[in-house]
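> got a sequence here, can you model it:
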Amino acid sequence: MNPIIKVIIPAFNEQNSIAHVINDIPSMVNEVIVVNNNSSDKTAENAKLTGVTVLTENNPGYGYACLKGMEYIAQQAQQPDIVVFLDGDYSDYPEQLTEIVAPIIHNDIDFVIGARDKQLREAGSMTPQQVFGNWLATFLMKLFFRSNFTDLGPFRAIKYEKLLALNMQDKTYGWTVEMQLKALKQKMSYVEIPVKYRNRIGVSKVSGTVKGSVMAGIKILSWIFKYSFK
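Take a look at the predicted model:
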């Protein structure tokens, strides 16, 4: 029996990329949910043209958008087996979703991260502050929790029941690291799958600005230290 898979795509001003992302998602996915996160462009309209589910979350923040998608799923009569999170900027390769969910389907793994492998990254696709931030965060997780994470990549899959057990709360920049820290705390099984990564369409809302980079760094470190001394 094939698992029920839902994809949540937080999207803020991604009118030029969102259709590309949706169209490259494998047919094994049962529903694609785009959460229009306070966009001022035609993100929602362009997503609707592809026939997927489009929700609106007016509170700006990556976590807000992800939580909106989860709230929608929770109200459905038939719950999914797996939830995949994917960015709307076309920097990831959506067709690699089959590789991301494979460890869950075939090996009963709880949680899978798409790790943006250095050898597979397009030049310039990650800023120096992103590379350093990922290294620092994963180094600290290894130091405090003996984790094997190498990336905070946004392309990820998790069993739906395990996602609910995490009781996700972060509304903004700390969503990805919160998920990984809580998975470690709850001793969930996890693996990383190397994924390709290309230059996004448009400008990054986080790493593309000094404010965004600083705020993201503060939020990520605060989550790590919060859980390290719990």
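> quick check: phi and psi at the residue most central in space within the chain.
Geometric centre of the chain, nearest residue: Pro154, 3.0 Å, by Cα atoms, centre = their mean. Dihedral angles of Pro154 (phi, psi; degrees, to the nearest 10) stand at phi -70, psi -20.
> with Ser39 instead?
phi -70, psi 150.
> buried residues, the longest strand seen in the chain. List them.
The longest strand of the chain (DSSP state E) is strand 111-121. Going by neighbour count (16 or more other Cβ atoms under 10 Å), the buried part of strand 111-121 is Phe111, Val112, Ile113, Gly114, Ala115, Arg116, Asp117, Arg121. The way it works is simple: take the backbone N, C-alpha and C, and place the C-beta from them, glycine included.
> where does pLDDT dip in this structure?
For the chain, the stretches with pLDDT under 70 are 203-217, 219, 223, 225, 227-230.
> where do the helices sit along it?
18-23, 43-48, 62-74, 97-107, 128-145, 160-166, 175-185, 210-228 (DSSP state H).
> out of these, nearest to Arg198?
The closest of the helices of the chain to Arg198 is helix 18-23. By Cβ to Cβ, the value is 11.0 Å.
> please list the outside residues in contact with the closest one.
9, 11, 14, 32, 34, 43, 46-47, 49-50, 52, 86-90, 92, 94, 201 (Cβ atoms under 8 Å, 6 or more residues apart in numbering).
> one more time with 7 Å
9, 11, 32, 34, 43, 46-47, 50, 52, 86, 88, 90, 94 (Cβ atoms under 7 Å, 6 or more residues apart in numbering).
> circling back: outside of the longest strand of the chain, which residues touch it?
Contacts for strand 111-121 (Cβ under 7 Å, 6+ apart): 92, 96, 100, 103-104, 126, 149-151, 153, 155-158, 162, 183, 188, 190-197.
> can you check stretch 57-67 too?
Residues contacting stretch 57-67 (Cβ under 7 Å, 6+ apart): 8, 10, 35, 37-38, 68, 85, 168, 170-173, 175.
> go with 8 Å
So stretch 57-67 is contacted by 8, 10-12, 35-38, 68, 85, 168-175, 178, 206 (Cβ under 8 Å, 6+ apart).
> including distance to Ile4, could the helices of the chain go into CSV?
Putting the helices of the chain into CSV (distance: least, Cβ to Cβ, whole Å) gives the following:
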stretch, distance to Ile4
helix 18-23, 18
helix 43-48, 21
helix 62-74, 10
helix 97-107, 11
helix 128-145, 30
helix 160-166, 8
helix 175-185, 20
helix 210-228, 30
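> that's all I had, so thanks and see you.
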